[in-house]
Structures are given as C-alpha cells and as structure tokens.
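**Q** From the sequence below, what's the structure:
(2 chains)
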Amino acid sequence: MRLAVIGAGAVGRSVVELAGEHGHEVVAVADSSTAVVADGTGGPGADDSAGVDPDAVVARKSERGIVGDDDPDDALAADYDVLVEATPTTLGDAEPGFSHVTTALERDRHAVLANKGPVAERYGDLRAAVADSDGEIRFEATVGGAIPAVSTVEDIEPGHVTAVRGVLNGTANFILTRMAAEGLDYDHVLAEAQDLGVAEADPSFDVDGTDAALKCVILANVLSFGAADDPADAREFTLADADVSGIRDVPGSALRLAAEDGQTVRLIGEATGETVRVAPRLVPENGTLAVSGTQNIVQIETSHAGRLNISGRGAGGPETASAVLGDVGRLE
Amino acid sequence: MSDRRDGAPEAALDAEGATDDAEDADSASPDGGHAAATPSTHTVRLELVDEPGQLLAALHPIADNGGNLLSIYHERGNKTPRGRIPVEVDFEATPERFEEIVDALRSEGVNVMQAGTERYAEEVTLLLFGHLIDTDLSDTLSEIEACESASVADVSLAAPQGTEEVSSARLRLEARAGETDAALAAVRDLAAAKDLRVVEPLTGVEA
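**A** Model (predicted):
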C-alpha cells in the first residue's frame, strides 16, 4: 500500500520509519507547514521504490523542523492508497484532521486515523462520508495504543459486546500508581512524571480524564453503530455525552485508605452502546484492572464469550504506529 | 459463645409466651397434611435500639407469623456503628413463612441486616474525599443512613493535614439486595450537594 502520512509527531514519524517493515511504501509526508512528496523516481541512488526516504524525512524533521520542501496540500493530493491521519487531536469540529480524512474518502481512498478528534467528535459525519466513498476508515490507534481494542470488538461483533472498560490513560495511571506506592501527593508525583516525560507540561488532557473519555466515546460509537441494523438508527456519541471526572484532586490519604482495604484507585473508563463514563474507581489492589505505571488495559464484556482482557502499552510512537500499520494491513 | 446462644435468652423468651406461637408454627408444618414445604432453620440478624422492650417487639413478628423460635443471641456488649445492638435469631419456618416474617419485621420497623444464608446487605466500599469535616461528616453519614437502601457499616477517616484541609474517608455500606446502585446514587447526590468527591467501586465486576 502507498501511504500518505499527515502529521509528523512521534506517531507519524514512527509510521514513516516502520512502514517498510510492514511491506508498505510512504509516498508523502506532511507536518503542519511542510511536506515531502515522492516524485516517482525515489531520488538519486534509490532503488525501484517510488517512495520517500524515511530516514531523510525523520532526520529533516528532527534537525530542521521540516519534513521537506513541498506544501502540505501536495501531500493530500499525492497518489496514495491510504491516508494516515496522525495530526494532534482537536475537539469540536476536529479540524484539520476531519477534512484530511474526508479529502481521502472523496478521492475513494482509505484513511487510517491515529487522531481521536474526528472519530470521537464527528463519527456520524465520518460514517456518512464513508457511505459515499469506495474508501474505508480504520482507527485502531485511537484507543489504547498498541492494544487491539477496536478490532477485537469488531471480531466479536459489537452486537455481542455489552461493555468495554479499562485503564486507557498511561499518564493518569502512572500518577495513581506512584501516589499509592510511595504515599506521595498528586503535585509531587505529577512533577516527577513531567521530569520523566510521562506527563506533558500541561497535563490537563490526561489527568482531567478527557483523553480516556475520547477513547471511550470512540468505543461507544463502535458499539452503537456496529450493533445498529441501520446506521441512521445508531446513537452517535461525542465528548459532550461522556460523564467525566479526573484524578487531579484525589488526595494521597484516599489511596492510603483504599490500600488498607486491599484496594486501589484507577481512572476507569467505561463504554456501552448507551453510556460513557470516566472516573476514578476503587478496584482490588491485585485485580486485573489494577495495571501499574503507564500500562493500559482494555476489558471487553461479551454476551457469549465471557470477559476478555488485553493489556499493553497504551501510548508511544512505535506502539501506536504498529496499530496504524495493522489497520493498513486490514485494508489490503 | 455457643453457651450464650442456647442459654438464658431463650428461656426468657419462653416466659414471655412465645411458645404458644411456636406451637402455631408446628401446626402449619407437614403435620397438617397439605403443606408441601417443610420448615427449615433460618437465622436472621437484627439491629435493635437499646431500649427496654425492643427485643420482645422484634420477636413478636417472628412468632406471630408462624416462626418456631430456636435461639436468640443478644450481643449486648457489641454495638453496630450506628449505636444499635445486633441480635441474631434462629427459628424454624417454611420458606413462604420465612418471607412473611422478614416482611413483618421490616414493616414493624425492625432493621433486618441479614436473613437466612442470603445477606440482605450487599456490601459496598467507597471513598469520599473533600472537606469532609467542614461539611459535617456526621451529618453526611446520617444522611446516608436515612437513605432507604443502605446503612453505614464502617467508616475510616484520614485527615493528615488537619480537620480544615481535604480529608478522605472509606465507607463500607450495607445495602439491601439489589439496591446497591440506588445506595450509590444516593451517596453521589449527597456528595454533589456538599461538594465532596466519591470514588465508587466497580460494582458487578470481579476484577
């Protein structure tokens, strides 16, 4: 498959680097202001491949902050099979990611999203665009990084999945784990997480539960649309439908009281075809859901197949890129 | 322990006339020829206010509804978190009569904490945090108690920075069968009104 990768952050760059290993070819890469589009020759010294040179793209991005000398619109217009939308998540109208995806669909090309915005905030619009296109969309990378949450739900069939819950934000989980283990307060552990690069300078998206809520909203959309006979009857979810509370004000004393009772606190997201809820919850200290550090876990409740648990790395460039490239493989 | 269970309280009860009712219960047993269900032994755990006459008042609904009293364990020295006295009563009754007895106890205002092998109280543990002390913790607990579905079985409080700062409490609630969700909803509402935060358990999930 020929890929156009839009977005050159950690995930976009990893997709560029790993595409070859998965048997795909990157023909265009864009960040917010620059792009590189393969000219079909592969450049001097290249083999028959018509793709861009991944190492050169990554080097230019890290050294000069650009991916190439072309215009981002050129990348959107390039001759690709699959557009990989890996720009930062935006809320509300989910732009520019939403337009990147619909541009691909209008050209009857596929789109694979690592950007949560369009699938969480405009799922109905996306489904309508897919209905008018020969292209498909996939978005495994938007939920739980390397964890195959969406495809597992699809394999079981959304109509046979009663709920999906889990720990879907590594930053919040790291903070809660450290607070419980070290008896430290939130501010202290947050500073440590920022030093380690586990939390961003502005951690709101993670610690207020927004990121986990977006993932649950996406799962709720998958369940709702997947179970409906007619997509017109499916309930569409957006972030506004989620009941969200974060971990910012959880005191260390609460974690100590939980530990005295053999329990701990985790930021748990739950999605059904009807509700989305994210909140700190009490779970058994040694239970399945009490994953530690930046680990994530997805627990799928099924009608006939019992409960499935999948844990793993919920973030990271190569991890998320693996989910993206898995989606690309499913589109072949 | 077993000495007390089978000892004086039962004799005292006999003196109060419960034996007559116990005989009634016998007449409802298969001796009558048409009753299919055989009586079996049941244990109910009651909570009584520490006032004269309360024990007798609690035993009448059992005897009056055909329960054959076997023993009473009156834990005078032991109080429940809300200052009541737990009493354990064993009696024989048919399954049908057993239900009637529990209903009768409840309608008399006797708090039935546990009945038979089924625990009427579903246990649920949750955390509350915020300005627990400033917002009157004891009032918070009383309001939870006032909710039909639940009673507070146990409270642990941690206020490491003194009473004026944010503190945390771990509450163990006993809810009636099937009413855990209602109890949690009541706690949520109460917490919202007092600007407290609740960390609920994942109910129905054996993690």
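**Q** so residue A:96 makes contact with residue A:87?
**A** Yes. Between residue A:96 and residue A:87 there is a contact under Cβ atoms under 8 Å: 6.6 Å. C-betas here are computed from N, CA, C, even on glycine.
**Q** how about the helices in chain B?
**A** With DSSP state H as the criterion, chain B has helices at B:2-6, B:8-15, B:18-27, B:54-64, B:95-107, B:137-146, B:180-193.
**Q** center of chain A - which residue?
**A** In chain A, the C-alpha nearest the mean C-alpha coordinate belongs to residue A:142, at 2.0 Å (Cα atoms, centre = their mean).
**Q** Next up, the contacts around that one.
**A** A:113, A:114, A:115, A:116, A:119, A:120, A:150, A:214, A:215, A:218 (Cβ atoms under 8 Å, 6 or more residues apart in numbering or on different chains).
**Q** Max pairwise distance over those residues: which two?
**A** Farthest pair in the contacts of residue A:142 (Cβ to Cβ) is A:115 and A:150. Separation: 14.2 Å.
**Q** now chain B, which segments are flagged as low pLDDT?
**A** By pLDDT under 70, the weakly predicted segments of chain B are B:1-37, B:114-121, B:177, B:203-207.
**Q** now do 90
**A** For chain B, the stretches flagged by pLDDT under 90 are B:1-58, B:63, B:66-124, B:133-135, B:137, B:142-154, B:159-165, B:173-183, B:202-207.
**Q** so residue A:215 sits right up against residue A:119, yeah?
**A** No. Under the criterion of Cβ under 8 Å, residue A:215 is not in contact with residue A:119, lying 9.7 Å apart.
**Q** one step back: let me have the contacts of residue A:142 in a markdown table, adding neighbour count, pLDDT and distance to residue A:6 as columns.
**A** Putting the contacts of residue A:142 into a markdown table (neighbours: other Cβ atoms under 10 Å in any protein chain shown; pLDDT from 0 to 100; distance: Cβ to Cβ, whole Å) gives the following:
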| residue | neighbour count | pLDDT | distance to residue A:6 |
| --- | --- | --- | --- |
| A:113 | 28 | 98 | 10 |
| A:114 | 30 | 97 | 10 |
| A:115 | 26 | 97 | 9 |
| A:116 | 26 | 97 | 15 |
| A:119 | 30 | 98 | 15 |
| A:120 | 29 | 98 | 18 |
| A:150 | 26 | 97 | 20 |
| A:214 | 29 | 98 | 19 |
| A:215 | 30 | 98 | 21 |
| A:218 | 25 | 98 | 19 |
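**Q** Closest one to residue B:200 out of those residues, please.
**A** For these, the nearest to residue B:200 is residue A:215 (20.0 Å; Cβ to Cβ).
**Q** quick one, what contacts that closest one?
**A** A:116, A:120, A:142, A:143, A:144, A:168, A:169, A:269.
**Q** Among the residues you listed, name the ones in helices.
**A** Filtering the contacts of residue A:215 for helices - DSSP H - leaves A:116, A:120.
**Q** Closest one of the contacts of residue A:215 to chain B?
**A** Comparing the contacts of residue A:215 against chain B with Cβ to the nearest Cβ picks out residue A:269 as the nearest, at 11.3 Å.
**Q** is that closest one in a bridge, and if so with what?
**A** Counting by DSSP bridges, residue A:269 is bridged to residue A:166, residue A:278.
**Q** pLDDT score for it?
**A** Residue A:269 is assigned a predicted lDDT (pLDDT) of 98.
**Q** count of residues packed around it?
**A** 31 (other Cβ atoms under 10 Å in any protein chain shown).
**Q** Adding distance to residue B:171, write the contacts of residue A:142 out as CSV.
**A** Putting those into CSV (distance: Cβ to Cβ, whole Å) gives the following:
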residue, distance to residue B:171
A:113, 43
A:114, 42
A:115, 41
A:116, 36
A:119, 38
A:120, 34
A:150, 37
A:214, 32
A:215, 30
A:218, 34
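**Q** Return the member of the residues you listed nearest to chain B.
**A** Among the contacts of residue A:142, residue A:215 lies closest to chain B (Cβ to the nearest Cβ), at 17.3 Å.
**Q** okay, the helix or strand harbouring the closest one in CSV with CA atoms only?
**A** Here residue A:215, judged by DSSP states H and E, is contained in helix A:210-227. This file holds the C-alpha atoms of helix A:210-227, laid out as CSV (Å, rounded to 0.1, in the frame of the first residue of the first chain):
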residue,chain,number,x,y,z
THR,A,210,-10.5,13.9,28.6
ASP,A,211,-8.2,11.6,26.8
ALA,A,212,-9.7,8.5,28.4
ALA,A,213,-13.2,9.8,27.7
LEU,A,214,-12.4,10.4,24.0
LYS,A,215,-11.3,6.7,23.8
CYS,A,216,-14.5,5.6,25.5
VAL,A,217,-16.6,7.8,23.2
ILE,A,218,-14.9,6.1,20.2
LEU,A,219,-15.7,2.7,21.6
ALA,A,220,-19.3,3.7,22.4
ASN,A,221,-19.6,4.8,18.7
VAL,A,222,-18.2,1.5,17.5
LEU,A,223,-20.6,-0.4,19.8
SER,A,224,-23.6,1.8,18.9
PHE,A,225,-23.1,1.9,15.1
GLY,A,226,-21.9,-1.7,14.9
ALA,A,227,-24.9,-3.0,16.7
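**Q** Could you pull out the buried residues of the helix or strand just after it?
**A** Note on helix A:210-227: by DSSP H and E, the next helix or strand toward the C-terminus is strand A:242-244. Neighbour counts over strand A:242-244 (16 or more other Cβ atoms under 10 Å in any protein chain shown) mark A:242, A:244 as buried.
**Q** Which strands and helices lie in contact with strand A:242-244?
**A** Strand A:242-244 is packed against helix A:210-227, strand A:276-284, with contacts defined by 3 or more Cβ pairs under 8 Å, 6 or more residues apart in numbering or on different chains; DSSP states H and E.
**Q** May I have the beta-bridge partners of the closest residue to residue B:70 other than its chain neighbours?
**A** Excluding the flanking residues, the one nearest residue B:70 by Cβ to Cβ, 6 or more residues apart in numbering or on different chains is residue B:90, at 4.2 Å. Using DSSP bridges, the bridge partners assigned to residue B:90 are residue B:43, residue B:71.
**Q** ok, residue A:307 - contacts?
**A** A:299, A:300, A:301.
**Q** In JSON lines, list these along with pLDDT and neighbour count.
**A** Output for the contacts of residue A:307, formatted as JSON lines (pLDDT from 0 to 100; neighbours: other Cβ atoms under 10 Å in any protein chain shown):
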{"residue": "A:299", "pLDDT": "97", "neighbour count": "22"}
{"residue": "A:300", "pLDDT": "97", "neighbour count": "22"}
{"residue": "A:301", "pLDDT": "95", "neighbour count": "17"}
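**Q** Can you narrow the residues you listed down to the ones near chain B?
**A** Restricting the contacts of residue A:307 to those near chain B by Cβ under 8 Å from any Cβ of the partner chain leaves residue A:299.
**Q** now the residue of the stretch 101-250 of chain A found nearest chain B, nearest residue through space, not along the chain?
**A** The stretch 101-250 of chain A approaches chain B most closely through residue A:249 (6.5 Å), counting by Cβ to the nearest Cβ. Take residue A:249 and drop its neighbours on the chain: the residue closest to it by Cβ to Cβ, 6+ apart is residue B:197, 6.5 Å away.
**Q** The one you found touches residue B:126, doesn't it?
**A** No. Contact criterion Cβ under 8 Å: residue B:197 and residue B:126 do not qualify, at 10.6 Å.
**Q** Between the two, tell me which one has more neighbours.
**A** A direct count of neighbours by other Cβ under 10 Å for residue B:197 and residue B:126 places residue B:126 higher, at 22 against 19.
**Q** Identify the residues contacting the more buried one.
**A** Counting by Cβ under 8 Å, 6+ apart, the residues that residue B:126 touches are A:282, B:170, B:171, B:173, B:184, B:187, B:198, B:199, B:200, B:201.
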